[in-house]
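*Asks:* got a structure for you, letters missing:
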């Protein structure tokens, strides 16, 4: 069942009851989409909640050109792919080039410290770009808008930032 325009307009005006109705109509499908991408029930449940929170905040961006369910699934897929990308990035930062078991068994607190320590070695602008892209999942355009930079500058600066981070990581 697809939500009608009236429900969507209610959601766009910030009505929480409309979100509940849309969740009841589409929650299971969004969950199955997240589960298929993430491969873990708990992660899929958490992602589904986050996706519907994003839906609530981004509903005003829906312009009725595509079907609402298509737009919602795109939101879900993008969220899950960004989550996986952030995890890969964090994993890459946390693991040394060696496969020693002590490093793999590092506690979550130590892993977070490692990430923050590596990022802290970068200048604030470079660190900001990486955080916005790799941890927050913003698009190049969103980063450009946020930092008042051309998109091309964002792309090249991120490429240099990743190289700097690799060099720092190798030295540690």
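*Replies:* All right, it came through fine. Quick caveat: nothing in here was measured; it's all calculated off a predicted structure. Numbers count the residues shown, from 1 in each chain.
*Asks:* CA atoms for contacts and neighbours, from now on please.
*Replies:* OK.
*Asks:* give me the domain ranges for the chain.
*Replies:* Following automatic domain parsing, one finds the domains of the chain at 1-82, 95-172.
*Asks:* turn those domains into a markdown table, including distance to residue 89.
*Replies:* Output for the domains of the chain, formatted as a markdown table (distance: least, Cα to Cα, whole Å):
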| stretch | distance to residue 89 |
| --- | --- |
| domain 1-82 | 10 |
| domain 95-172 | 7 |
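*Asks:* by mean pLDDT, show me the worst of the ones you listed.
*Replies:* Sorting these by mean pLDDT places domain 95-172 lowest, at a mean of 77.
*Asks:* point out the most buried one among the domains of the chain.
*Replies:* Comparing the domains of the chain by mean neighbour count (mean count of other Cα atoms under 10 Å), domain 1-82 ranks first with a mean of 16.
*Asks:* may I see the buried residues of stretch 79-94?
*Replies:* Residues of stretch 79-94 classed as buried by neighbour count (16 or more other Cα atoms under 10 Å): 79-80, 82-83, 85-86, 90, 93-94.
*Asks:* which helices and strands sit right next to the longest helix seen in the chain?
*Replies:* Determined from DSSP state H, the single longest helix within the chain is helix 68-94. Contacts defined by 3 or more Cα pairs under 8 Å, 6 or more residues apart in numbering; DSSP states H and E place helix 68-94 against helix 16-38, helix 41-58, helix 108-120.
*Asks:* CSV please, covering those and showing distance to residue 136.
*Replies:* Listed next are the helices and strands packed on helix 68-94 as CSV, based on distance: least, Cα to Cα, whole Å:
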stretch, distance to residue 136
helix 16-38, 17
helix 41-58, 13
helix 108-120, 14
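*Asks:* of those, which is nearest residue 160?
*Replies:* Comparing the helices and strands packed on helix 68-94 against residue 160 with Cα to Cα, the closest turns out to be helix 108-120 (13.7 Å).
*Asks:* next structured bit after that closest one?
*Replies:* Following helix 108-120 in sequence order, the next helix or strand is helix 124-130 (DSSP states H and E).
*Asks:* go through the helices and strands packed on helix 68-94 and name the closest to residue 152.
*Replies:* helix 108-120 (22.6 Å).
*Asks:* show the backbone phi and psi for residue 65.
*Replies:* Main-chain torsions, residue 65, degrees, to the nearest 10: phi -80, psi -40.
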